[in-house]
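> Provided below for reference: sequence and predicted model.
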Amino acid sequence: MIKMGILDYLQKSHAIDVLLALSPSEEEPYVGWKAVSIRLRKQDIICSDGTYRARCKELVDLGLAQADQIDPLKFDYVLTKKGIIVAGILRKCLWEIRALKES
């Protein structure tokens, strides 16, 4: 099996959406599925539960998130320090692109 890298992950559908939605903020240091779904809905992003879980599992495989089991079938996903750094870099990059577009 070929190991996926961060760039491979970012090319998948909703990968960037999920990574940024899982990013903690000062107002929300912990972001569970409810907060993620609210964040995505506010941006008019429709991401199925299956896609969300698949992207989260890939983040865990990449070391960008950890899975915390909340019951026998459910997990909450939390970005690791590395995941928070990658999300921050990506967010800055998107801000720069948006600024170029607006100028």
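Great, that's in hand. Numbering: from 1, shown residues only.
> For the nearest residue to Q43 once chain neighbours are set aside, give me its contacts.
The shortest distance from Q43 to any non-neighbouring residue, by Cβ to Cβ, 6 or more residues apart in numbering, is to D17 (7.7 Å). Just so you know, the C-beta spots here come from the backbone N, C-alpha and C atoms, and that holds for glycine as well. By Cβ atoms under 8 Å, 6 or more residues apart in numbering, D17 lies in contact with 40, 43, 45, 47.
> Out of these, the closest to W95 would be?
Nearest to W95, judged by Cβ to Cβ, of the contacts of D17 is Q43 at 15.0 Å.
> What distance do you get for that closest one to A21?
Distance, Q43 to A21, using Cβ to Cβ, to the nearest Å: 8 Å.
> When the two are compared, which one has more neighbours?
More crowded of Q43 and A21, by other Cβ atoms under 10 Å: A21, with 23 against 9.
> Strands of the chain, start to end?
65-69, 75-79 (DSSP state E).
> Which secondary structure elements does the last one sit against?
Applying 3 or more Cβ pairs under 8 Å, 6 or more residues apart in numbering; DSSP states H and E, we find strand 75-79 packed against helix 49-61, strand 65-69.
> Of the ones you listed, which is nearest E27?
Smallest distance to E27 across the helices and strands packed on strand 75-79 (Cβ to Cβ): 20.0 Å, for strand 65-69.
> Count the neighbours of K81 for me.
Applying other Cβ under 10 Å, we find 9 residues neighbouring K81.
> what do you get for the one 10 residues further on?
Residues lying near R91 (other Cβ under 10 Å) number 14.
> That one and S23 touch, don't they?
Yes: the pair R91 / S23 is scored as a contact, 7.3 Å apart, by Cβ atoms under 8 Å.
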